[in-house]
Each structure stands twice: as structure tokens, then as C-alpha cells.
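Enquirer: Return a 3D structure for these sequence lines:
(one chain, ligands or ions: 1)
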Amino acid sequence: MTKVKIPKEIKVGVYTYTIIFKPHLHADFGVYGRLEGTRLTIEIEPDMPDSIKGVTLLHELNHICENVFAVKLDEPSNDSMAHCVAELLFNNLNIEFDWSLIT
Ligand SMILES: [Zn+2]
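Expert: Residues are numbered from 1 along each chain as shown. The predicted structure follows:
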């Protein structure tokens, strides 16, 4: 298993996005992750298994790619793509996300 530290910031195109844990995101908004485009922030619900956090991060990154690269995915397609990339990373390349830098 190869651990990959999730960085505090991810740069896509000309924008740098900050990744943060947002407690109660699911209770308050019914989602596990959220892209705050105007604040350039990716919010992730911390209180869930790492596997769900990983797919959630991939989902939010898909939204960023939609914006930056002018791709359009509806929510079910975005989820499918996130699970597809997760399948490659987690189940085949044996990569595990390390969330220790995220606060
Ligand atoms: Zn979404």
C-alpha cells in the first residue's frame, strides 16, 4: 500500500483550492463534500471512513475539472467517474490517501 498525503492545497488551471475538513457538513447540508467555488475551497466531511472521504474528494475534483476544462458531468456521472478513478487508485494501484495534513 502506498500512502499519498492529501495536500492542503491543490492547483488546477490558474486557481489554487484549499482542502479543509468541515464538521457536520452531512448533517447541515446532506452532502459529504462541497466545492465552494467563490472561496476556492473543497470542504470534506471528516466524520466518515477514509474510503468515502477519498471518493468524495475525487468527486469535488471532478467539479473543478468541469469548471476549468469546460467538461459537463451531471451528478450521477460525476459519482460514477469518482468511483471509477477510486477503483484505479485504491483497488489496483494500492494507493491510500493520508489525510494527516488536512485540518
Ligand atoms: Zn457534486
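Enquirer: rest of the way, CA atoms for contacts and neighbours
Expert: Noted.
Enquirer: ranges for the helices of the protein?
Expert: Remark: helices assigned in the chain by DSSP state H are 25-29, 50-69, 75-86.
Enquirer: Which neighbouring elements make contact with the longest one?
Expert: On a contact count with 3 or more CA pairs under 8 Å, 6 or more residues apart in numbering; DSSP states H and E, helix 50-69 meets strand 9-12, strand 33-36, strand 41-44, helix 75-86.
Enquirer: Out of those, which is closest to Val55?
Expert: Checking the helices and strands packed on helix 50-69 against Val55 by CA to CA gives helix 75-86 as the closest, at 5.7 Å.
Enquirer: for this structure, longest strand please?
Expert: Ordering each strand of the chain by length in residues (DSSP state E) puts strand 15-21 first.
Enquirer: Please report how far His26 lies from Ser80.
Expert: Note on His26: its distance to Ser80, by CA to CA, to the nearest Å, is 20 Å.
Enquirer: hmm, I was thinking of Ile19
Expert: Here the criterion is CA to CA. By it, Ile19 lies 22 Å from Ser80.
Enquirer: So the two - more neighbours on which side?
Expert: Ile19 (21 against 15; other CA atoms under 10 Å).
Enquirer: The more buried one: what's it in contact with?
Expert: Applying CA atoms under 8 Å, 6 or more residues apart in numbering, we find Ile19 in contact with 7-10, 41-44, 102.
Enquirer: how about TSV for those residues, with neighbour count, pLDDT and distance to Cys84 added?
Expert: Converted to TSV, the contacts of Ile19 look like this (neighbours: other CA atoms under 10 Å; pLDDT from 0 to 100; distance: CA to CA, whole Å):
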residue	neighbour count	pLDDT	distance to Cys84
Pro7	14	98	22
Lys8	15	98	24
Glu9	16	98	23
Ile10	16	97	21
Thr41	18	97	24
Ile42	24	98	20
Glu43	22	98	21
Ile44	28	98	19
Ile102	16	98	24
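Enquirer: Just give the number of residues close to His59.
Expert: Neighbours of His59 under the rule other CA under 10 Å: 26.
Enquirer: Now it: closest residue in space that isn't a chain neighbour?
Expert: Spatial nearest neighbour of His59, excluding adjacent residues (CA to CA, 6 or more residues apart in numbering): Ala82 at 5.1 Å.
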